[in-house]
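> just coords:
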């Protein structure tokens, strides 16, 4: 079988994450990189020996010989790029979320169906070993039926102030809340019926980033389960991990607790700092990319080759985006809001 020819749109930090996996995968040939910043595109292409470089995705779709595209742009740009790729007949791995407006969500689903292309959204928390093990316990029946859950998924301030130059055009709900909603939908094996959320702002605005600081959200599922969800990006920069992750799932027969950012599995102390190195998300072992951020990308490739279904369907991702849109509506109205599917 010939290799699948891949292109990356978006040459930032996560575009590089995709490039590491594609260059290692035996079934992939990374043939093109595209970014509106040509200098950044050339830099990524040079690092990974990619022959074709573009600063316009439509030109790339016309000229490059590719089978699949990784869309690794800021979240608000996913819609048009994704529809263009679908219309060009390219399979897609889209970084979360699928899209940030109802119109873009619907347009992407319609374009994928009409063009018979396969689409997965990189909601990679489903590949996190602690969450996968917890889900296995739930599915085996040893926890009983899920009743309630709590999920905290926060970032330190640096993510909004330094890592993401486009943070003011997005929200922590899109950046991390999409993972939270998808994880909770996955655990409850159910769709969210109603949401209620409140938010707070001021810390980041004083630092020059015009976006909300934090959201506290209650999700009510159609079969009666309830979950509390916290997403913020004002955790102090001295926190030992970029993320602050806590999780609880309580069932009729048992429960599971997780602390994935303040545990003592590995601690590093130097003359200048104390931190907890990442050994779960994105790291290297003997020069090879490891961690669940790479495993979700590998899954996309493997399923393209095998024809198997993706663990995250485009419909999963669409419903996750629609839940988040309902959360924004709840914050604006101060009332519970039914999710409109």
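Happy to help now that I have it. Predicted, not measured: the structure shown is a model, and the values here were computed from it.
> switch to C-alpha atoms for all contacts and neighbour counts from now on
Will do.
> List the contacts of the lowest-mean-pLDDT helix or strand in the chain.
When each helix and strand of the chain is scored by mean pLDDT, DSSP states H and E, strand 274-275 comes last, with a mean of 88. Strand 274-275 is contacted from outside by 239, 240, 241, 267, 268, 269, using Cα atoms under 8 Å, 6 or more residues apart in numbering.
> Buried members of these into ChimeraX, please.
Filtering the contacts of strand 274-275 down to the buried ones (16 or more other Cα atoms under 10 Å) takes a single ChimeraX command:
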select :239,240,241
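> Now do the contacts for residue 337.
Counting by Cα under 8 Å, 6+ apart, residue 337 touches 194, 195, 196, 326, 327, 329, 330.
> swap the cut-off to 6 Å and go again
194, 195, 330 (Cα atoms under 6 Å, 6 or more residues apart in numbering).
> Which one of those residues is nearest to residue 213?
Of all those, residue 213 sits closest to residue 330, with 16.3 Å by Cα to Cα.
> how much space between that closest one and residue 178?
Counting by Cα to Cα, to the nearest Å, the gap from residue 330 to residue 178 is 16 Å.
> and if you look at residue 218?
14 Å.
> ok, back up a step: so which of the contacts of residue 337 wins on neighbours?
residue 195 (26 neighbours; other Cα atoms under 10 Å).
> Check for me that it belongs to a helix.
No: applying DSSP: H, G, I helix; E, B strand; the rest coil, one finds residue 195 to be strand, outside a helix.
> Quick check: closest non-adjacent residue to it.
Using Cα to Cα, 6 or more residues apart in numbering and skipping residues adjacent in sequence, the residue nearest residue 195 is residue 219, 4.7 Å away.
> Which of the three states applies to the one you found?
Classified using three-state DSSP, residue 219 is strand.
> Check whether it really touches residue 225, as I assumed.
No: between residue 219 and residue 225 there is no contact under Cα atoms under 6 Å: 8.3 Å.
> So for the two, which residue has more residues nearby?
Between residue 219 and residue 225, counting by other Cα under 10 Å, residue 219 is the more crowded of the two (26 against 19).
> who touches the more buried one in this structure?
Residue 219 makes contacts with 195, 226, 227, as judged by Cα under 6 Å, 6+ apart.
> Which of those sits closest to residue 341?
For the contacts of residue 219, the nearest to residue 341 is residue 195 (13.2 Å; Cα to Cα).
> Can you report how many residues lie near the closest residue to residue 119 other than its chain neighbours?
Leaving aside its chain neighbours, residue 119 sits nearest to residue 92 (4.8 Å; criterion: Cα to Cα, 6+ apart). The burial count assigned to residue 92 is 24, neighbours taken as other Cα under 10 Å.
> same thing with residue 130?
Per other Cα under 10 Å, the neighbour tally for residue 130 reads 16.
> That'll do, ta.
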